[in-house]
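# kindly return the folded structure for what I paste below:
(chains A and B)
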Number of protein chains: 2
Amino acid sequence: MSLVDRIRLFRRPDLSTLRPFVIEGQRLGWILPAFAERLAKFPAVFEAGADAVRLKDRFDSYERRSEALAGVVDALAREGGLPKFRNERYPVAKSFYDKPLLGLERSAVPSFGTLAYGVHLNGYVGQGRDMKMWIGRRSRNKATGPLKLDHIVAGGQPIGLSLMENLIKECAEEAAMSADLARQSRPVGFTSYLIQNHEGIRNDVLFCYDIALAEDFTPVNTDGEIEEFYLWPIERVIEVLATTEEFKFNVAMVIIDFLVRHGFVAPEDPTYPEIVLNMRIRDHFLARSEGPSPYPLPQGEGARFL
Amino acid sequence: MSLVDRIRLFRRPDLSTLRPFVIEGQRLGWILPAFAERLAKFPAVFEAGADAVRLKDRFDSYERRSEALAGVVDALAREGGLPKFRNERYPVAKSFYDKPLLGLERSAVPSFGTLAYGVHLNGYVGQGRDMKMWIGRRSRNKATGPLKLDHIVAGGQPIGLSLMENLIKECAEEAAMSADLARQSRPVGFTSYLIQNHEGIRNDVLFCYDIALAEDFTPVNTDGEIEEFYLWPIERVIEVLATTEEFKFNVAMVIIDFLVRHGFVAPEDPTYPEIVLNMRIRDHFLARSEGPSPYPLPQGEGARFL
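Numbers count the residues shown, from 1 in each chain, chains lettered A, B, ... in the order given. Predicted coordinates:
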């Protein structure tokens, strides 16, 4: 394994094997055929055809759409085969900057393949070869990635909080960082991917932040989501990333982006372009983009609602 | 104008309007139809058809290919309509990491639309809102972008130097920086674009570097390429970038990438994704990439040699 191998794990599935999840004529997600067949058993809510799964237009408000999906998700959960509820709703919209069309139980998001967002914070001490990075070990009780390695702070982006409000909340809960300290985090870009895994379709945008921490700061977990924190030399972070699967899959991508931005991956390495170019995908957000893109959109069957 | 408008200037031309420049069956560049017609007058060197311009296979070594093109470029320069020679050869290869198939006079590179590389250094002082950035004003005698604003140091990547050797050379010539100081530059990624302009087709990859400079360092130009240096508050850099065309076009892109990486562009800005996603294009380098790309390649006529 090497850093580029980590990035190669984020291969996009063939979109023509997925069913677009369509609301009001727009594609909002991607659904696996087996889940589409489960949804076909709710003909009052969906038109589930071979080409797409459409939410019926009579659900014509945020509340009606949210309640329609909540009813289906509850019924499916009773049948089994859905992950444990998180009791937290994620916004479903064409872009991060659009008003959500509905709120969807977080644990069901990968089943519908709708966009999900997170804030990921790289906490580091010192510079250059002497740099160290704070790494958390996720709790054994986490719904996803138990005991995997993580950032000092990271969390999903719920409805109703700004990115910075969410980051401040997560910094307090996960690492006992004051709001003043959390506000020193600086946004440094985003990573994004669309993959198929055991949860369904992960269609995520991770807003990345860096924070330079003082030598004498030590994170303390307060919400039980982190078992333990380590302050690792950056060389150890690189080695563990490159040679093991200990890091949660998407945390690995965000830290590799950090390594590129901080000069720990060299442009002389022939895998450099592949690492840099595959850190984000172009599908996300395009709806809101007003300028014509100089890049081609995905072609073929599955792309017709993009 | 705004930062995203700067990025929107890098629109890729419709590749179907260009002729692939083909050597040994591989597309190495893109040629405008008018220039292809000039090349058609050298039937001993090229097969110039409506679909592509092919260098004849009998030029079967680096030297033979380089001399064949040098002869054509000399003849065209005598006819006029080519820019002044730089007397510096750029490598022509499918990827930065491949052995060049030939060396091509730098001033003719946009006529053939082959890949060109540069090193661009962001020199800054301080952090956060107090940050300042060193900006150079290009000499009135520069072949491209005279009197435009520039980085503290930037230069094209010639054959025969490593990226760091080239950066050290440019740091000495353009800013009187010692080799020890220049080596403190850290690689932070690359930007890339394929555009059509008055020179022809610019098909560039710019390797980006950052250097944090001490308060008491002042750059001194030694090669006559910079008229003047300014140490500007970052807010002024942003304002001039967003509201004028004073910065050289590709320097603007590299500094906007810097602004994203250093937290001066906010993810709350709905143009953020468009800025981040358009900082580099996917065409470059793919030949050397060994993993299948999860992204679609350009489709249609012009893409058939990609």
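# CA atoms for contacts and neighbours, from now on please.
OK.
# can you map out the strands along chain A?
A:19-23, A:26-31, A:46-48, A:53-55, A:89-92, A:102-105, A:115-125, A:132-138, A:149-150, A:153-156, A:186-197, A:200-212, A:226-233 (DSSP state E).
# other SSEs contacting the last one?
Using 3 or more CA pairs under 8 Å, 6 or more residues apart in numbering or on different chains; DSSP states H and E as the contact test, the elements touching strand A:226-233 are strand A:132-138.
# give me the contacts around the strand it packs on.
For strand A:132-138, the external contacting residues (CA atoms under 8 Å, 6 or more residues apart in numbering or on different chains) are A:122-126, A:145-153, A:225-234, A:237.
# just the buried residues of those.
A:122-125, A:145-153, A:225-226, A:228-229, A:231-234, A:237 (16 or more other CA atoms under 10 Å in any protein chain shown).
# quick one, domains of chain A?
A:3-11+A:116-289, A:15-112 (automatic domain parsing).
# next, format those domains as TSV and append mean pLDDT.
What follows is these, written out as TSV (pLDDT from 0 to 100):
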stretch	mean pLDDT
domain A:3-11+A:116-289	93
domain A:15-112	94
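# got these as TSV, with distance to B:Glu268 columns?
Formatted as TSV, those follow (distance: least, CA to CA, whole Å):
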stretch	distance to B:Glu268
domain A:3-11+A:116-289	8
domain A:15-112	8
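# of these, which is nearest B:Asp216?
With respect to B:Asp216, and counting by CA to CA, the nearest of these is domain A:3-11+A:116-289 at 20.5 Å.
# gap between A:Leu101 and chain B?
18 Å (CA to the nearest CA, to the nearest Å).
# middle-most residue in chain A, spatially?
Closest to where the C-alpha atoms of chain A average out (CA atoms, centre = their mean) is A:Asp204, at 3.4 Å.
# now do the same contact list for it.
A:Leu115, A:Ala116, A:Tyr117, A:Gly118, A:Ser192, A:Tyr193, A:Leu194.
# what's the farthest-apart pair in those?
A:Gly118 and A:Leu194 (14.1 Å).
# ok, those two, which is more surrounded?
Neighbours were counted for A:Gly118 and for A:Leu194 using other CA atoms under 10 Å in any protein chain shown; A:Leu194 has more, 24 against 20.
# correct me, but A:Leu18 touches A:Trp30?
Yes. Counting by CA atoms under 8 Å, A:Trp30 is a contact partner of A:Leu18 at 6.0 Å.
# neighbour count: those two, which is higher?
Counted by other CA under 10 Å, A:Leu18 and A:Trp30 do not tie: A:Trp30 has more neighbours, with 29 against 23.
# any idea how far the more buried one lies from chain B?
16 Å.
# again with A:Tyr97
As judged by CA to the nearest CA, A:Tyr97 and chain B stand 6 Å apart.
# how deep is that residue tucked in, by neighbour count?
16.
# correct me, but it touches B:Tyr272?
No. Using CA under 8 Å, A:Tyr97 is not in contact with B:Tyr272, being 10.2 Å away.
# contact residues of the stretch 1-150 of chain A facing chain B?
A:Arg8, A:Phe10, A:Arg11, A:Arg12, A:Pro13, A:Tyr97 (CA under 8 Å from any CA of the partner chain).
# what sits against A:Trp30?
Going by CA under 8 Å, 6+ apart, A:Trp30 touches A:Leu18, A:Arg19, A:Pro20, A:Phe21, A:Phe112, A:Gly113, A:Thr114, A:Ile201.
# next, format the residues you listed as CSV and append distance to A:Arg183.
As requested, the contacts of A:Trp30 are arranged in CSV below (distance: CA to CA, whole Å):
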residue, distance to A:Arg183
A:Leu18, 40
A:Arg19, 41
A:Pro20, 38
A:Phe21, 37
A:Phe112, 34
A:Gly113, 32
A:Thr114, 29
A:Ile201, 32
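# neighbour-wise, which of those leads?
Neighbour max across the contacts of A:Trp30 (other CA under 10 Å) = A:Pro20, 30 neighbours.
# show me the helices in chain A, by range?
Remark: helices assigned in chain A by DSSP state H are A:3-8, A:33-39, A:62-79, A:109-112, A:163-175, A:179-182, A:234-243, A:249-261, A:272-277.
# give me the residues contacting the third one.
Contacts of helix A:62-79 from elsewhere in the structure, counted by CA under 8 Å, 6+ apart, are A:39, A:42, A:45, A:59, A:82-83, A:100-105, A:108.
# can I get those residues in CSV with neighbour count?
Rendered in CSV, the data for those read as follows (neighbours: other CA atoms under 10 Å in any protein chain shown):
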residue, neighbour count
A:Leu39, 19
A:Phe42, 13
A:Val45, 20
A:Phe59, 17
A:Leu82, 15
A:Pro83, 14
A:Pro100, 15
A:Leu101, 20
A:Leu102, 20
A:Gly103, 22
A:Leu104, 24
A:Glu105, 18
A:Ala108, 23
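# quickly check these for the two that are furthest apart.
A:Phe59 and A:Pro83 (25.3 Å).
# how much space between A:Pro146 and A:Glu225?
A:Pro146 sits 9 Å away from A:Glu225, taking CA to CA, to the nearest Å as the criterion.
# mutual contacts of these two, please.
A:Arg138, A:Ser139.
# how about the strands of chain A in JSON lines, adding distance to B:Gln26?
Listed next are the strands of chain A as JSON lines, based on distance: least, CA to CA, whole Å:
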{"stretch": "strand A:19-23", "distance to B:Gln26": "37"}
{"stretch": "strand A:26-31", "distance to B:Gln26": "36"}
{"stretch": "strand A:46-48", "distance to B:Gln26": "45"}
{"stretch": "strand A:53-55", "distance to B:Gln26": "43"}
{"stretch": "strand A:89-92", "distance to B:Gln26": "44"}
{"stretch": "strand A:102-105", "distance to B:Gln26": "49"}
{"stretch": "strand A:115-125", "distance to B:Gln26": "38"}
{"stretch": "strand A:132-138", "distance to B:Gln26": "44"}
{"stretch": "strand A:149-150", "distance to B:Gln26": "43"}
{"stretch": "strand A:153-156", "distance to B:Gln26": "45"}
{"stretch": "strand A:186-197", "distance to B:Gln26": "30"}
{"stretch": "strand A:200-212", "distance to B:Gln26": "35"}
{"stretch": "strand A:226-233", "distance to B:Gln26": "44"}
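# of all these, which one comes closest to B:Lys169?
Among those, strand A:186-197 comes nearest to B:Lys169, with 29.9 Å by CA to CA.
# next, the buried residues of that closest one.
Neighbour-count burial for strand A:186-197, counted by 16+ other CA under 10 Å, picks out A:Arg186, A:Pro187, A:Val188, A:Gly189, A:Phe190, A:Thr191, A:Ser192, A:Tyr193, A:Leu194, A:Ile195, A:Gln196.
# and it, C-alpha only, in PDB?
Written as PDB, here are the backbone C-alpha positions of strand A:186-197 (Å, rounded to 0.1, in the frame of the first residue of the first chain):
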ATOM      1  CA  ARG A 186      -9.100  27.900   9.100                       C
ATOM      2  CA  PRO A 187     -11.000  26.500   6.200                       C
ATOM      3  CA  VAL A 188      -8.600  24.900   3.700                       C
ATOM      4  CA  GLY A 189     -10.800  23.400   1.000                       C
ATOM      5  CA  PHE A 190     -12.900  20.200   0.800                       C
ATOM      6  CA  THR A 191     -12.600  16.600  -0.300                       C
ATOM      7  CA  SER A 192     -15.500  14.700  -1.900                       C
ATOM      8  CA  TYR A 193     -16.300  11.300  -3.300                       C
ATOM      9  CA  LEU A 194     -19.100   9.100  -4.400                       C
ATOM     10  CA  ILE A 195     -18.600   5.400  -3.500                       C
ATOM     11  CA  GLN A 196     -20.500   2.300  -2.900                       C
ATOM     12  CA  ASN A 197     -19.900   0.400   0.400                       C
END
